[in-house]
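Visitor: pasting a predicted model and its sequence here:
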Number of protein chains: 2
Amino acid sequence: MIKTKTPPDAATGQHKQARRVTSYDVAMLAGVSQSAVSRCFKPGASVSKSTYARVMKAAEGLDYIPNAAARSLITRRSNMVAVVISQMANLYYPEALAELSHQIARRGKRVLLFTMQQEGDVGRLLADIWQYQVDGAIVAAALTDEQIGEFERRRLPLVVFNRNLRRSDGVNSVLCDQYEAGRLLASRLAAAGHRQFGIIGGPADSPVATERRTGASDRLRELGLPSPAVVAGQFDYASGTHGLREIIAQLGRVPDAVICGNDVMAIGCLDCARHELGLDVPGQLSVAGFDAVEPSNWLSYNLTTLRQPIGPMAQAAAELLTALIDAREGHETTAQTRAFAPQFIDGATARLVALAPASLAA
Amino acid sequence: MIKTKTPPDAATGQHKQARRVTSYDVAMLAGVSQSAVSRCFKPGASVSKSTYARVMKAAEGLDYIPNAAARSLITRRSNMVAVVISQMANLYYPEALAELSHQIARRGKRVLLFTMQQEGDVGRLLADIWQYQVDGAIVAAALTDEQIGEFERRRLPLVVFNRNLRRSDGVNSVLCDQYEAGRLLASRLAAAGHRQFGIIGGPADSPVATERRTGASDRLRELGLPSPAVVAGQFDYASGTHGLREIIAQLGRVPDAVICGNDVMAIGCLDCARHELGLDVPGQLSVAGFDAVEPSNWLSYNLTTLRQPIGPMAQAAAELLTALIDAREGHETTAQTRAFAPQFIDGATARLVALAPASLAA
DNA sequence: TTGTAGGCGTTATCAT
DNA sequence: ATGATAACGCCTACAA
């Protein structure tokens, strides 16, 4: 007996123990060398038709599948992409994740998922990302410049998703201009004659939330409108309902319009206005959100909002990342930013035309 | 020069090329053997305090992180768990995924995500699951017995999520009894005097959808009620709106109650009834769904539905799977099923008390 | 086209 | 406690 550590039941052959079937087993059964087997599983390798057939038959008989861990050790490619996402509660992110997963799968890779509750928790995930030897990462969360630097040092392709446009230099990113979106929404509402605004913002550690909020309030200030009542929320439904009440308490009256940091909060705000406060929307109050998540389009809401083109953005992210991965060896490619324009959705929860003097009187 | 393929800039030391830093580098810098380094990264190994400190300092200086692929090659543990999910559109699954990811992360593992459009596509994913050497899998999709057998042959721990209770023997599973849930909903509605039902079912390839539908219609038959109008849907909003119209066309009248295969379809049905057909819900029509996803609880809907306890279910699945993984070597454990009771949510979209004779007259 | 041999970066065994 | 050394399963020159 020369074989080391033969499993106890090897002689009986009853069932093969933990020992997995390897390319050696296949080679033996097919009567070829191990490297021949290896070549058969590499697309575009030079193998004769006859050996290919023999190997494949043997592989099938043994249920052989190449071991990706062993392969990645030598090829330095794991065919895994890290996707880092917070705010699964946000509704926008599940939609984005579904698209990302699909697009990444199309390109022959798989998603290793990293989720977290707070955006601030990214730091603790990073070590794991290094460990798992992913080929690249798509991060939809706030990264500090230092953290981005770590990706560079490790030469790990990185695409940030929805990061602040104004800080996107030097980083490959896919995004909507959230600041501009905030401005746009404020402009449209102001143009319709709304004067007193409320803003229900998102979490402090979310750059997207911050951009939207400052975009809107900057624009309102430019227009010389009264300063809006601003309250903080958590991107969830309850933040919308509480937020509206808080705004009303702050102002001592119902505002003309409320801009919410995302659709879910806008829906909460809307429901509170209609069902708890008995307000007519958009008659007495305009409400608008961001994202155009699916429920915003439901008949009960038909929300006025700004769509982020999730599909194209996910596709762009996957495309950009795989390009970076394929080009990793050799020339440094310069970072690019793919910005998408938010699309205004003219729903039914915001009045968008100025009131005629007559109707003001009425 | 003996070193093979020394990178061109190795002499300059300017920046280290693709060559990654390994435990050897750390060992060299710390002045210890490579195996000493390895031990330092294995919790509970025997290392002296002084070498540990030296190694860790060197590791930090070099940004060294153990390579998980190399490790898994020998330990036979990748610390990855495959999660297979379809129907990301369903709203229920994103919520489940978020919980699963969280629970799995707590146990020191990560989720390798496999998504698909149709449940029938599971087959094509399986080969990838074998490839990636995951430690186990949680599958929330329809698996054939043969496919389950393949997991067993490969001794890959498997937990099925929300598979048919009546076929759960021999498979580790976490589920709600969907058939019973369907019966329960039918019973409650029938008890309130509803006689003519409509059912908007889910996709044909979804066992969950099938169970709910047959549970409801079996119960209606037992009660001797007129046979319901049954239409098929895709678990999405549009299926709910179209479904209701189709049911009305089939029956030639508005049914007393509609049971929908999930909440999103129920919401579609509800919106169609109220906003397109001008029906009073629950005055003229009762509508109920399944899952208690977040929007079902929003004020505009307050849907009558059956909650699946996502949190406990995800926790059970993660727990069960990790237990299986830890017990993999040695004794076969017998398969277990963890069934959770659906919880009736007494919303405001279904009339649940019988009409008094007086009000019938009125 | 095919086989031989070395190496990818760890962990695990066994002396010391 | 520490250091050699042999796996782990595969890919890839290189030689034949």
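Guide: Looks like it arrived, so ask away. Numbers count the residues shown, from 1 in each chain, chains lettered A, B, ... in the order given.

Visitor: how far away is residue A:43 from chain B?
Guide: 14 Å (CB to the nearest CB, to the nearest Å). Glycine gets a C-beta too; all of them are placed from N, C-alpha and C.

Visitor: residues contacting that residue?
Guide: Counting by CB atoms under 8 Å, 6 or more residues apart in numbering or on different chains, residue A:43 makes contact with nothing.

Visitor: and it, what pLDDT?
Guide: pLDDT for residue A:43: 88.

Visitor: again with residue A:357
Guide: 61.

Visitor: also the one 4 residues further on?
Guide: Looking at residue A:361, its pLDDT reads 44.

Visitor: now swap in residue A:184 and tell me
Guide: For residue A:184, pLDDT reads 96.

Visitor: put the alpha carbons of stretch A:233-249 into PDB.
Guide: The C-alpha coordinates for stretch A:233-249 follow below in PDB (Å, rounded to 0.1, in the frame of the first residue of the first chain):
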ATOM      1  CA  GLY A 233     -35.300  60.000   7.600                       C
ATOM      2  CA  GLN A 234     -34.100  56.500   7.100                       C
ATOM      3  CA  PHE A 235     -35.300  55.800   3.500                       C
ATOM      4  CA  ASP A 236     -38.200  53.800   4.900                       C
ATOM      5  CA  TYR A 237     -42.000  54.200   4.900                       C
ATOM      6  CA  ALA A 238     -42.300  55.200   8.600                       C
ATOM      7  CA  SER A 239     -39.800  58.000   7.900                       C
ATOM      8  CA  GLY A 240     -42.200  59.400   5.400                       C
ATOM      9  CA  THR A 241     -45.200  59.500   7.700                       C
ATOM     10  CA  HIS A 242     -43.300  60.800  10.700                       C
ATOM     11  CA  GLY A 243     -41.500  63.200   8.500                       C
ATOM     12  CA  LEU A 244     -44.600  64.900   7.200                       C
ATOM     13  CA  ARG A 245     -46.000  65.400  10.700                       C
ATOM     14  CA  GLU A 246     -42.700  66.800  11.900                       C
ATOM     15  CA  ILE A 247     -42.500  69.200   9.000                       C
ATOM     16  CA  ILE A 248     -46.000  70.500   9.700                       C
ATOM     17  CA  ALA A 249     -45.100  70.900  13.400                       C
END
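
Visitor: residues of that stretch that come out buried?
Guide: Residues A:233-237, A:239-244, A:246-248 are the ones in stretch A:233-249 that count as buried (16 or more other CB atoms under 10 Å in any protein chain shown).

Visitor: show me which of the residues you listed is closest to DNA strand D.
Guide: For the buried residues of stretch A:233-249, the residue nearest DNA strand D by CB to the nearest atom of the strand is residue A:235; the value is 43.5 Å.

Visitor: dump the residue contacts of the closest one.
Guide: A:87, A:89, A:90, A:202, A:203, A:206, A:209, A:261, A:262, A:264, A:265.

Visitor: and it, how far is that from residue A:243?
Guide: 11 Å (CB to CB, to the nearest Å).

Visitor: which residues are in contact with both of the two?
Guide: Contacts common to residue A:235 and residue A:243, judged by CB under 8 Å, 6+ apart, are residue A:265.

Visitor: just confirm residue A:159 is within a strand.
Guide: Yes: under DSSP: H, G, I helix; E, B strand; the rest coil, residue A:159 sits within a strand.

Visitor: that one contacts residue A:139, doesn't it?
Guide: Yes: the pair residue A:159 and residue A:139 passes the contact test of CB atoms under 8 Å, sitting 7.4 Å apart.

Visitor: on that earlier part again, can you name the two of the buried residues of stretch A:233-249 that are farthest apart?
Guide: Pairwise distances across the buried residues of stretch A:233-249 peak at 20.8 Å for A:235 and A:248 (criterion: CB to CB).

Visitor: just confirm residue A:304 contacts residue A:348, I think it does.
Guide: Yes: contact between residue A:304 and residue A:348 holds when scored by CB under 8 Å: they sit 7.1 Å apart.

Visitor: who has more neighbours, these two?
Guide: Taking neighbours as other CB atoms under 10 Å in any protein chain shown, residue A:304 and residue A:348 compare with residue A:304 leading, 28 against 13.

Visitor: beta partners for that one?
Guide: For residue A:304, the beta-bridge partners under DSSP bridges are residue A:288.

Visitor: residues in contact with it?
Guide: Residue A:304 neighbours (CB under 8 Å, 6+ apart): A:282, A:286, A:287, A:288, A:289, A:345, A:346, A:347, A:348, A:349, A:350, A:352.

Visitor: the second one - how many residues pack around it?
Guide: Neighbour count of residue A:286, defined by other CB under 10 Å: 23.

Visitor: what sits against it?
Guide: By CB under 8 Å, 6+ apart, the neighbours of residue A:286 are A:189, A:192, A:194, A:256, A:257, A:258, A:304, A:349, A:350, A:351.

Visitor: how about the helices in the stretch 201-350 of chain A?
Guide: A:207-222, A:237-251, A:263-271, A:310-326 (DSSP state H, counting those that start in this stretch).

Visitor: which stretch among those comes nearest chain B?
Guide: Closest to chain B of those is helix A:263-271 (CB to the nearest CB; 3.9 Å).

Visitor: quick one: list the elements packing against that closest one.
Guide: If you count contacts as 3 or more CB pairs under 8 Å, 6 or more residues apart in numbering or on different chains; DSSP states H and E, helix A:263-271 packs onto helix A:237-251, strand A:257-260, strand A:286-291.

Visitor: what average pLDDT does the shortest one get?
Guide: Averaging pLDDT along strand A:257-260 gives 98.

Visitor: picking up where we left off before, find the residues that touch each one of residue A:304 and residue A:348.
Guide: residue A:282.

Visitor: most neighbours, which of the contacts of residue A:286?
Guide: Most surrounded of the contacts of residue A:286: other CB under 10 Å gives residue A:258, at 34 neighbours.

Visitor: once you drop chain neighbours, what's closest to it?
Guide: residue A:198 (4.3 Å; CB to CB, 6 or more residues apart in numbering or on different chains).

Visitor: of the contacts of residue A:286, closest to residue B:167?
Guide: For the contacts of residue A:286, the minimum distance to residue B:167 (CB to CB) is 46.2 Å, reached by residue A:349.

Visitor: correct me, but that closest one touches residue A:281?
Guide: Yes: counting by CB under 8 Å, residue A:281 is a contact partner of residue A:349 at 5.4 Å.

Visitor: can you pull the residues that touch both of the two?
Guide: Shared contacts of residue A:349 and residue A:281, defined by CB under 8 Å, 6+ apart, comprise A:270, A:287.

Visitor: part of a strand, is residue A:155?
Guide: No: counting by three-state DSSP, residue A:155 is not found in a strand; it is coil.
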